[in-house]
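Enquirer: Return a 3D structure for these sequence lines:
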Amino acid sequence: MRPTHVNATIDFEELERPTRRTAKSLMRMLASDGSPTAINLLGIMSRLAQSEGAVFQVELFQTTEAAKS
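Expert: Numbering: from 1, shown residues only. Sure, this is the predicted structure:
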């Protein structure tokens, strides 16, 4: 996810409240050398999905190696 996507949909200040992170912290997370935690990334994605009317669907697949055990 790129910071430009956030700016194109909603701004970083609007993400502060639902993610409980400052706009500056969110910008650092999404920078090319950023490393957001899963919970922070999912929080950002969730808010962006809400603003765009999108829905995320997660599917789990069992690998062949896991099926052997």
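Enquirer: Going by C-alpha atoms from here, please, whenever you check contacts or count neighbours.
Expert: Fine.
Enquirer: any idea of the pLDDT on Pro36?
Expert: What the model reports for Pro36 is a pLDDT of 91.
Enquirer: now Met1
Expert: With respect to pLDDT, Met1 scores 65.
Enquirer: In three-state terms, label Val6 for me.
Expert: helix (DSSP: H, G, I helix; E, B strand; the rest coil).
Enquirer: all numbers from here: first residue = 50
Expert: Noted, 50 is the first residue going forward, which turns the last one into Val55.
Enquirer: For the nearest residue to it once chain neighbours are set aside, list the residues it contacts.
Expert: Of all residues not flanking Val55 in the chain, Phe61 sits nearest, at 6.8 Å (Cα to Cα, 6 or more residues apart in numbering). The contact partners of Phe61, by Cα atoms under 8 Å, 6 or more residues apart in numbering, come to 55, 72, 75-76.
Enquirer: Most neighbours out of those, which is it?
Expert: Leu75 (23 neighbours; other Cα atoms under 10 Å).
Enquirer: Name the nearest residue to that one, ignoring sequence neighbours.
Expert: In space, and not counting its chain neighbours, Leu75 is closest to Phe61: 7.0 Å by Cα to Cα, 6+ apart.
Enquirer: Tell me where this protein is predicted with low confidence.
Expert: For the chain, applying pLDDT under 70 flags the ranges 50, 115-118.
Enquirer: quick one: the helices in it?
Expert: 52-58, 61-68, 72-78, 87-101, 113-117 (DSSP state H).
Enquirer: Deepest-packed of those, please.
Expert: helix 72-78 (a mean of 17; mean count of other Cα atoms under 10 Å).
Enquirer: other SSEs contacting it?
Expert: helix 61-68 (3 or more Cα pairs under 8 Å, 6 or more residues apart in numbering; DSSP states H and E).
Enquirer: Run the chain-centre distance for the helix it packs on.
Expert: Its chain's C-alpha centre and that of helix 61-68 lie 12 Å apart, by Cα atoms, centre = their mean, to the nearest Å.
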